[in-house]
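# Sequence isn't available, so here's the structure alone:
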């Protein structure tokens, strides 16, 4: 059986995230949910309702990117709520990490968004929580 580079990169990204951030369970949860809700919603909404198209490396839709953003925000909010981290001072971190994740998803090349989205959300959340 042949695994594509997309699948290998996504699996590698998730393993890296798990091992690097194993003490930050809120990051691991946010990342996994971001892949499910963010990337999943972007795919569904973008294909079915996407009217405004743009192309950086591959064609995307504005509607799909907005769905990714909303899904990533929701994912981080759920994770922060479960780990009792929903504070006023963390709200900007949620939105900026979601913008960064959405940007990396939009900039993906050859379907590597399943690796770039989780990695960008994990690293940005980690760095923002140091502030």
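Arrived safely, thanks for sending. Because the structure is predicted, anything quoted here is derived from the model rather than measured.
# Now do the strands in this structure.
Counting by DSSP state E, the chain has strands at residues 53-55, 59-61.
# Of all those strands, which one is nearest residue 33?
strand 59-61 (21.1 Å; C-beta to C-beta). Where C-beta positions appear, they are placed from N, C-alpha and C, glycine not excepted.
# For the closest one, which residues meet the burial criterion?
Buried positions in strand 59-61, judged by neighbour count with 16 or more other C-beta atoms under 10 Å: 60, 61.
# Could you list the paired strands of it along with their orientation?
strand 53-55 (antiparallel) (DSSP bridges).
# Could you list the residues in contact with the strand it pairs with?
59, 60, 61, 62 (C-beta atoms under 8 Å, 6 or more residues apart in numbering).
# Give the rounded mean pLDDT of the longest helix along the chain.
Counting residues, the longest helix found in the chain (DSSP state H) is helix 62-82. For helix 62-82, the mean per-residue pLDDT is 98.
# Which neighbouring elements make contact with that helix?
Applying 3 or more C-beta pairs under 8 Å, 6 or more residues apart in numbering; DSSP states H and E, one finds that helix 62-82 contacts helix 25-33, helix 40-49, helix 88-106, helix 113-129.
# what about the longest one, distance to the chain center?
Yep, that's helix 88-106 we're talking about. Here helix 88-106 is found 9 Å from its chain centre; the criterion is C-alpha atoms, centre = their mean, to the nearest Å.
# if we can go back for a sec, and the furthest pair within the contacts of strand 53-55?
59 and 62 (11.4 Å).
# Contacts only, for the residue most central in space within the chain.
With distances taken as C-alpha atoms, centre = their mean, residue 117 lies nearest the centre of the chain, 3.8 Å away. Shown in contact with residue 117 (C-beta under 8 Å, 6+ apart): 34, 35, 38, 39, 68, 72, 101, 104, 105, 108.
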